[in-house]
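[1] what shape does this take:
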Amino acid sequence: MPRVVVTGLGAISPVGNDVPSLWESLLAGRHGIAPITRFEADDLKVSLAAEVKNFEPEKYLDKTEARRTDLFAQYGIAAAAQAMDDAGIAGAVDPYRFGVYIGSGVGGISTFIREANTLFTRGPSRISPFFIPMMIANMASALVAIRYQAKGPSLPVVSACSSGTNAIGEAFRAIKYGSADAILAGGAEACINPLAIGGFQNCKALSTRDDPDTASVPFDARRDGFVIGEGAGVIMLEELEHARARGAQIYCEVVGYGNTNDAHHITAPDPDAEGSAAMIRLAFAESGLTPDAKLYINAHGTSTPLNDKTETLAIKKALGEVAYDIHISSTKSMTGHMLGAAGGVEAIAAIKTLQTGMIAPTVGLTEPDPECDLDYTPLTAQAVDVDKALSTSLGFGGHNAGVLFAKM
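    Numbering: from 1, shown residues only. Now for the predicted structure:
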């Protein structure tokens with residue numbers, strides 16, 4: 001059966017607009033959380049967000065394209081362009097064997113808000129003819145496919161906060177089972193606006209702290225909700241022999257994927273953690289590998305009261321006593337929760353850990369929760385000997401997804 005490897009990486013994030021700057025920030029423990037600047041937030045209980053800074057769409061799109069493209073898709077195009085360049089695959093793959101799987105939780109919600117306001121204030125005749133193609137959640141995948149003539153499998157996954165991880169996992173399976181030779185996969189999101197933040201705020205999901213240094217503190221006893229983030233993370237997945245034949249760089253191998261649902265509640269995780277534990281077991285079962293002390297987990301780690309203790313329980317149930325020997329961290333402590341884009345950026349963090357032997361820390365973790373009693377790499381990066389890295393995501397609706405990477 002074909003083996004699948006990673007040959008390119010691309011990212012737009014609150015802590016860096018390419019992979020080198022993202023990784024440098026994560027290892028340095030620099031977070032991207034600050035007071036909201038996109039709009040006046042005085043009417044909200046939430047004052048902080050992890051915004052992308054100094055993004056220049058003109059590096060990736062001309063001015064006309066940019067005006068007709070929602071910000072989430074701009075982020076996705078930018079991250080995909082970086083992954084394409086990093087992989088050096090242009091012209092080296094059959095278009096009908098080349099795919100795009102870029103997920104998003106909510107797609108073009110800012111476009112939706114703008115055009116709804118146009119409807120209410122100016123009438124239906126003034127709605128933009130680009131409203132629908134800018135708003136629909138598949139458009140990051142579609143625009144990337146058009147740009148690179150990727151005429152093979154295309155599947156923009158929508159599974160809330162698991163979208164990016166599910167997209168990578170489904171792309172892995174498509175290559176593994178022979179449907180494609182290469183797929184750009186990951187997630188993109190841009191919903192730092194009053195409607196999205198108001199909705200998350202009113203369902204009690206967001207932190208209401210006003211101190212950027214203590215707002216996103218996964219696994220800490222003080223955690224009170226997540227900090228909303230944005231951006232995109234896209235990786236190039238490629239069939240091993242195809243990559244070798246063109247002399248591609250290879251970061252690591254993708255060896256397992258777990259995809260389950262709690263079937264419990266629309267927003268809350270199952271407190272028994274059976275579904276998320278099953279997801280971890282499935283990823284390892286597919287890989288044929290055994291969890292041991294050389295495993296790193298980039299945890300979902302949202303800094304919400306329910307997620308972090310439930311995820312800790314899932315790891316214990318899936319791995320047993322080995323759970324106390326492995327290395328874990330949550331990079332959401334620095335990027336905030338990038339929603340549908342989280343899985344793409346966090347997969348990159350897992351891959352970079354395998355490549356460099358360094359684990360990015362969980363910053364702000366100074367008051368450990370007794371129910372969260374594993375090694376979460378608090379405060380500072382650590383040099384470690386790991387040969388396996390699991391990136392996990394848990395989404396509203398009970399979606400659990402995990403992708404397992406391994407050194408070659």
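
[2] quick one: contacts for Glu239?
    Glu239 makes contact with 2-5, 175, 180-182 under the criterion C-beta atoms under 8 Å, 6 or more residues apart in numbering. To be clear about C-beta, it is placed using only N, CA and C from the backbone, and glycine gets the same treatment.

[3] an error on my part: the question was meant for Arg246.
    88-89, 92.

[4] let's have the contacts of Glu239 in a markdown table, adding distance to Asp18.
    Output for these, formatted as a markdown table (distance: C-beta to C-beta, whole Å):
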| residue | distance to Asp18 |
| --- | --- |
| Pro2 | 30 |
| Arg3 | 28 |
| Val4 | 24 |
| Val5 | 21 |
| Ile175 | 25 |
| Ala180 | 26 |
| Asp181 | 26 |
| Ala182 | 21 |
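
[5] in stretch 237-249, which residues are buried?
    Buried residues in stretch 237-249, counted by 16 or more other C-beta atoms under 10 Å: 237-240, 242-243, 248.

[6] which residue packs closest to Trp94, ignoring adjacent ones?
    If you look again at residue 94, you'll see it is Asp, not Trp. Ranked by C-beta to C-beta, 6 or more residues apart in numbering and with sequence neighbours excluded, the top spatial neighbour of Asp94 is Asp181, at 6.6 Å.

[7] so how far is Ile146 from the closest residue to Met139 other than its chain neighbours?
    Once flanking residues are discounted, Met139 sits nearest to Ala73: 5.0 Å by C-beta to C-beta, 6+ apart. Distance of Ala73 to Ile146, computed by C-beta to C-beta, to the nearest Å: 11 Å.

[8] between the two, which is the more surrounded one?
    Neighbour tally, Ala73 and Ile146, criterion other C-beta atoms under 10 Å: the higher count belongs to Ala73, 33 against 13.

[9] domain ranges for the protein?
    4-245, 265-398 (automatic domain parsing).

[10] adding distance to Leu404, write the ones you listed out as a markdown table.
    Below are those laid out as a markdown table (distance: least, C-beta to C-beta, whole Å):
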| stretch | distance to Leu404 |
| --- | --- |
| domain 4-245 | 9 |
| domain 265-398 | 4 |
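
[11] would you turn those domains into TSV with mean pLDDT?
    Below are the domains of the chain laid out as TSV (pLDDT from 0 to 100):
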stretch	mean pLDDT
domain 4-245	97
domain 265-398	97
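
[12] quick check: which of the ones you listed is nearest to Met408?
    Nearest to Met408, of all the domains of the chain, is domain 4-245, at 7.2 Å by C-beta to C-beta.

[13] thanks again, I'm all set now.
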